[in-house]
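> Predicted model follows, preceded by the sequence.
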Amino acid sequence: YPDAPSAPVLSEIKQTSVKAVISAGASNGGSPVLEHQIGYSLSNAAPSVWVSGSNLTLTGLEAGQRYYFWGRSRNTYGWSPISARSEATLYAGSWIDVAGVKKRAVPYVKVDGVWRPAESWAKIAGLWKVSG
């Protein structure tokens, strides 16, 4: 079996989506890796959904919820162990009425004269990173 892939690296955390990337483990277990999957769940116990790919933007998630993410790889002998877990909390969601159509309210901030979606940042191990 292949080694477990890296814990998912999470970025582009938004109200209903997050980008998740995993990297192959140190050994392919003697056979080329045929598939990578990223799993996620609202529970920290185990993934409830698996999606094929190693670099994915997962959509259709619930705003304001904390999600947990894992990775795994498969070769001709079977599935790797599940990777270490990552987690992120999506931005809280709210809705506004625009001419009778419900749309997500996304907070914006003006940066150097340009309006951009707001992001939260945190200092992690001495480095500033976008946080969830």
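Received the coordinates, thanks.

> any idea how far Ala88 is from the residue positioned nearest the centre of the chain?
The centre of the chain sits closest to Ala20, judged by C-alpha atoms, centre = their mean, with a distance of 3.7 Å. Counting by C-beta to C-beta, to the nearest Å, the separation of Ala20 from Ala88 is 9 Å. C-beta: built from backbone N, CA, C; applies to glycine.

> what's the closest non-adjacent residue to the residue nearest to the centre of the chain?
Closest residue to Ala20 apart from its sequence neighbours, by C-beta to C-beta, 6 or more residues apart in numbering: Pro8 at 4.3 Å.

> Could you check how far that neighbour is from Val106?
Distance, Pro8 to Val106, using C-beta to C-beta: 24 Å.

> any idea how far the helix or strand hosting Trp128 is from the chain center?
In this structure, Trp128 is located in strand 127-130 according to DSSP states H and E. Put simply, strand 127-130 sits 16 Å off its chain's centre (C-alpha atoms, centre = their mean, to the nearest Å).

> residues in contact with the residue nearest to the centre of the chain?
Listed by C-beta atoms under 8 Å, 6 or more residues apart in numbering, the contact set of Ala20 reads Pro8, Val9, Leu10, Ile38, Tyr40, Asn55, Leu56, Thr57, Leu58, Phe69, Ser86.

> need the contact list for Arg116.
By C-beta under 8 Å, 6+ apart, Arg116 lies in contact with Tyr108, Val109, Lys110.

> Could you count how many residues lie near the first one?
Which is Tyr108. Here the number of neighbours of Tyr108 (other C-beta atoms under 10 Å) works out to 11.
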